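Asker: need a structure here:
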Amino acid sequence: MLGIPRIGPRRELKKAIESYWAGRIDAESLHAVGRELRQSQLTGLYAAGLDSVPVGTFSYYDQMLDTAVLFGALPPRVAAIADPLDRYFAAARGTETVAPLEMTKWFDTNYHYLVPEIGPETEFSLHPEKLLGELKEALDLGLPARPVVIGPLTFLKLAKGIDQDPLRRLAELLPLYRELLRGLAEAGAQWVQLDEPVLVTDLTADELAVVGNVYTELASASDRPALVVATYFGRPGPALPVLASTPVEAVALDFTAGTTVDDIVAVAALRDKLVVAGVVDGRNIWRTDPDQALTTLATLLGSTGALVVSSSCSLLHVPYSLDAEPELDAALRSWLAFGDEKVAEVRMLATALHSGTDAVTDELTVARAALASRWADGRLRDDTVRARLSALGPEALNRAPASKRLPLQRDRLDLPLLPTTTIGSFPQTPAIRKDRAAMVKGTITPEQYRERMRAEIAEVIALQEKLGLDVLVHGEPERNDMVQYFAEQLDGFAATANGWVQSYGTRCVRPPILFGDVARRAPMTVEWIEYAQSLTDKPVKGMLTGPVTILAWSFVRDDQPLADSARQVALAIRDETVDLQAAGIRIIQVDEPALRELLPLRTEQQQHYLDWAVAAFRLATSGISDATQIHTHLCYSEFGEVIDAIAALDADVTSIEAARSHMEVLDDLNAAGFALGIGPGVYDIHSPRVPSVEEMERSLRAALKAVPAERLWVNPDCGLKTRGPVEVEASLRNMRAAADAVR
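Answerer: Purely as a prediction, here's the structure:
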């Protein structure tokens, strides 16, 4: 395995960290939970038959943040915090007086990493205590431990605060990597894995030359462990022959995301290297086709010096085990492989390769039967949905021009200058979670649950009225998750009970499983939004999740193009918008925070994706009248590469994360000719601090330098689900006061 999850099969680490933050446990108790999780997982991998287990992928928040700590690259603003653990968490999530690091998506996954800040004042220094401690812990257990470290190219390329060339600091950083490798060798490491997923992105000729220089230098030392450089999420392309020409002993490649046998055959230098073949998909949950994988592996044997069977990437991106899903549909369950099952698949493939298929006859028989069952299942195809989509013409993707829509909406809504709103969700309090659990267990009836959620909605509406917000939301108390809630009401999806995956820090999600064609069975949100609107004369937004985000935050089917699935989901969302409008809802928000997330890593593939992603959004939002206002929301991604697509969505108002990135996205939007409503977040909701009126006023005035007041909205960065009621009320009160001051 290239890496393993760390949050715990029952989210033990999440609960321990949040208890530490709340002061209920001390640091030693937190460390004890982490130690137990590490030892249990690593001994489990070894017992399952793996020849090498990864150490160093455990983290209390994020591995990129760990790398910043490893090389002394935390921002100066946290330096005054004496306790190392509290300093670490301050960089991750901020304090009342310290702003956190920016957070964005890890390549094209739904995992969020913390962006290192490396400026002129950054002086790198080595602090390997955590990694050396985890290595010793594993070796003392008799485990064949392989330390894993983010490589220097990926670390610097993904950092911020560096001038034009992010790699210009390599000369300072590489000696510390060499010192680290020497220390790991002295501590007993036989192999070290350096993760360089940046090698599957577009690199210039100069950057490719740097790749060769960096790994020639690191591998030239005599006092080091053997090195495996791991790439994943795509093909390394021209970086592969460059990397193969260096003295590193091994490369790890992702054969589930584009790397082919021909890529290996074409690089003669790989005939003298160990190739770690990632033929078991570490990002999706479908059972591996053993015959296809064995064909790939058998062919590779003749083109490599040695061969290792592996996952394509870290198992961070999939749930722990199917053992936690006894209630899942039996046929569907047989098609799946979560973390433990992927470990078994790796071992089965290696055994078959080494000892012949007769050694794993039973496992192969089960796998082949499951695959046959999947392809024969009638739930994969819905001819009614396909016929509806085929009948839609180009007009289904278009509303009237904004110049016609906006006057109608202005008259209908009658909003003040700089209208205030929130993104959608309000705190999911313990009482809400308790009621939802009780309804699932059957200890309260669906009608009792409905009445309790109505009471929560009434409280949220009353609070927003008291605070004087202009466009209200119902708070989404009835929703377990912004994707799972919809997936549970759509044909073609299945939900898990315990399929938790880490999104960032202690935030976990249960991605639904898209296995067949998608259809809406009945209205999904109308009852709740209609009730909320009945409580106020102010507009209440209908809140929906967009088709791209529903797919990005699900485990998607691999038997048809993602664009086809997006159109099916978009059709279901379109039906919902029509019903919301019929119920009298004047503003409908269709969130697409994952628009940037799914952008292919190679430029040559990006336009095709953007074309179908924009088309899916417009299909979802173009079935209503011009007087109904469409909002969308985007957050926690680097938006510069998709600015044109954001404009092409043609949403009347776009709210967008901007607080941690200091409003820099507004210049990109202006450069793209964006001329519709925009709500750049004026405060970061992922930090527990309550921003002052003055701070948010400064953000608004900064936004007004880029956006005319007539187009500017005032809102937080994201939904308020993860925050506490007291801080939410204080923050929104300050936000409203800031808007009043700027007005």
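
Asker: Can you give me the domain assignment for the protein?
Answerer: For the chain, the structural domains run 12-248, 406-742, going by automatic domain parsing.

Asker: Give me the distance between the two termini of the last one.
Answerer: Across domain 406-742, the straight-line distance between its terminal residues is 23 Å, by Cα to Cα, to the nearest Å.

Asker: so where's the protein uncertain?
Answerer: For the chain, applying pLDDT under 70 flags the ranges 162-164, 636-638, 659-664, 672.

Asker: Out of the domains of the chain, the one nearest residue 351 is which?
Answerer: Comparison of the domains of the chain against residue 351 by Cβ to Cβ identifies domain 12-248 as nearest, at 8.0 Å. All C-beta spots, glycine's among them, are computed from the backbone N, C-alpha and C.

Asker: how many other residues sit next to residue 697?
Answerer: Residue 697 is flanked by 20 other residues according to other Cβ atoms under 10 Å.

Asker: how many neighbours does the closest residue to it other than its chain neighbours have?
Answerer: Excluding the flanking residues, the one nearest residue 697 by Cβ to Cβ, 6 or more residues apart in numbering is residue 738, at 4.3 Å. As a burial measure, residue 738 scores 26 neighbours (other Cβ under 10 Å).

Asker: Ok, residue 585 next?
Answerer: 24.

Asker: Check residue 467 too.
Answerer: Neighbour tally, residue 467, other Cβ under 10 Å: 18.

Asker: Just send the domains of the chain back as CSV, with distance to residue 298 too.
Answerer: As requested, the domains of the chain are exported to CSV (distance: least, Cβ to Cβ, whole Å):
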stretch, distance to residue 298
domain 12-248, 19
domain 406-742, 22
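
Asker: For residue 347, find the nearest of those domains.
Answerer: Residue 347 sits nearest to domain 12-248 of all the domains of the chain, at 4.4 Å, using Cβ to Cβ.

Asker: what's the span of that closest one, first residue to last?
Answerer: 37 Å.

Asker: Quick check: phi and psi on residue 588?
Answerer: Dihedral angles of residue 588 (phi, psi; degrees, to the nearest 10) stand at phi -130, psi 120.

Asker: Look at the closest residue to it other than its chain neighbours and say how many residues are nearby.
Answerer: Spatial nearest neighbour of residue 588, excluding adjacent residues (Cβ to Cβ, 6+ apart): residue 542 at 4.2 Å. Using other Cβ under 10 Å, residue 542 has 30 other residues around it.

Asker: How about the secondary structure of residue 64?
Answerer: State at residue 64, reduced to three classes by DSSP: H, G, I helix; E, B strand; the rest coil: helix.

Asker: Renumber starting at 233 from here on
Answerer: Understood, numbering begins at 233; the last thing we discussed is residue 296.

Asker: what residues are up against the spatially most central residue of the chain?
Answerer: Centrality entry for the chain: nearest residue to the mean C-alpha point is residue 342, 1.5 Å, by Cα atoms, centre = their mean. Residue 342 is in contact with 549, 733, 735, 741, 743, 784, 785, 826, 829, counting by Cβ atoms under 8 Å, 6 or more residues apart in numbering.

Asker: of all these, which comes closest to residue 856?
Answerer: Closest to residue 856 out of the contacts of residue 342 is residue 826 (22.8 Å), distances taken as Cβ to Cβ.

Asker: who's in contact with the closest one?
Answerer: Residues near residue 826 by Cβ under 8 Å, 6+ apart: 342, 780, 781, 783, 784, 785, 869.

Asker: can you check residue 567 too?
Answerer: 518, 519, 602, 603, 605, 606, 747.

Asker: Narrow the residues you listed to those that are buried.
Answerer: Buried members of these, scored by 16 or more other Cβ atoms under 10 Å, are 518, 519, 602, 603, 606, 747.

Asker: Please, where are all the helices along the stretch 783-932 of the chain?
Answerer: 794-814, 835-853, 875-880, 896-903, 925-936 (DSSP state H, counting those that start in this stretch).

Asker: most tightly surrounded among the ones you listed?
Answerer: helix 794-814 (a mean of 21; mean count of other Cβ atoms under 10 Å).

Asker: Report the secondary structure state of the residue nearest to the centre of the chain.
Answerer: coil.

Asker: Tell me how far it lies from residue 733.
Answerer: Using Cβ to Cβ, to the nearest Å, residue 342 is found at 8 Å from residue 733.

Asker: Can you check which residues contact both of those two?
Answerer: Shared contacts of residue 342 and residue 733 (Cβ under 8 Å, 6+ apart): 549, 741, 743.

Asker: residues contacting residue 575?
Answerer: 233, 277, 280, 282.

Asker: Run a quick neighbour tally on residue 524.
Answerer: For residue 524, the neighbour count with other Cβ under 10 Å is 12.

Asker: in what helix or strand does it lie?
Answerer: Using DSSP states H and E, residue 524 maps to helix 522-533.

Asker: Next, the buried residues of that helix.
Answerer: Neighbour-count burial for helix 522-533 flags 522, 525, 526, 528, 529, 532 (criterion: 16+ other Cβ under 10 Å).

Asker: can you give me the helices in the stretch 533-682 of the chain?
Answerer: Here the stretch 533-682 of the chain has its helices, by DSSP H, counting those that start in this stretch, at 562-566, 571-587, 593-608, 615-623, 634-645, 662-673, 678-699.
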